[in-house]
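**Q** Structure for this input, please:
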Amino acid sequence: MDLLYKQFEMARNGFLRELNNADEGAVDVQPEGFNNNIHWHAGHVLTVAEQFLFGFPENSSHLPENYKEWFGNGSSPADWPADVPSVKKLTEQLEQHLERMKQIPRENFDEKLAKPFLGAETFGELAAVAVIHETNHAGQINSMKKAVNK
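**A** Numbers count the residues shown, from 1 in each chain. Reported below is the predicted structural model:
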């Protein structure tokens, strides 16, 4: 399982690099052809990883429950209230989330899921799906930065 911890750390650090290298003025721009913006991707990755790894919102109190509404699947920045968390706040939470992930006991990753989800049958496999999900969104941010800077 050390490999899974390392993969998650590498994926998160790559995601944070993409996020931190985005121009501040670009994070809330929704480029043509994209459904969301960079700001949304930051909150989405955090929210989904919290759901996969810590059972948010039912079993986790590390994020406000509104995050699922603002950043969950099918959500849109067009529906956000004025007080949605900033990218800076989300970045801090992403960093804290990585540290919490590293504290998950290794034996937890062998636990069977109540029912398979996205092809994963164990908690460890679900954590691997979180890694894949995160790298996909890092690529989206990279593409959005290029589209915004054209």
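**Q** Output the longest strand belonging to the chain.
**A** Scanning the chain for the strand with the most residues, using DSSP state E, yields strand 112-117.
**Q** Provide the strand pairings for that strand, with the direction of each partner.
**A** According to DSSP bridges, strand 112-117 forms sheet pairs with strand 120-122 (antiparallel).
**Q** tell me the mean pLDDT for the strand it pairs with?
**A** Here strand 120-122 scores 93 as its mean pLDDT.
**Q** buried stuff in that strand?
**A** Buried residues in strand 120-122, counted by 16 or more other CB atoms under 10 Å: residue 120. C-beta here means a position set from N, CA and C on the backbone, and glycine is covered the same way.
**Q** who's in contact with the spatially most central residue of the chain?
**A** In the chain, the C-alpha nearest the mean C-alpha coordinate belongs to residue 45, at 1.2 Å (CA atoms, centre = their mean). Contact partners of residue 45, counting by CB atoms under 8 Å, 6 or more residues apart in numbering, are 15, 94, 133, 134, 137.
**Q** Of all pairs in these, which one spans the longest distance?
**A** 94 and 133 (13.3 Å; CB to CB).
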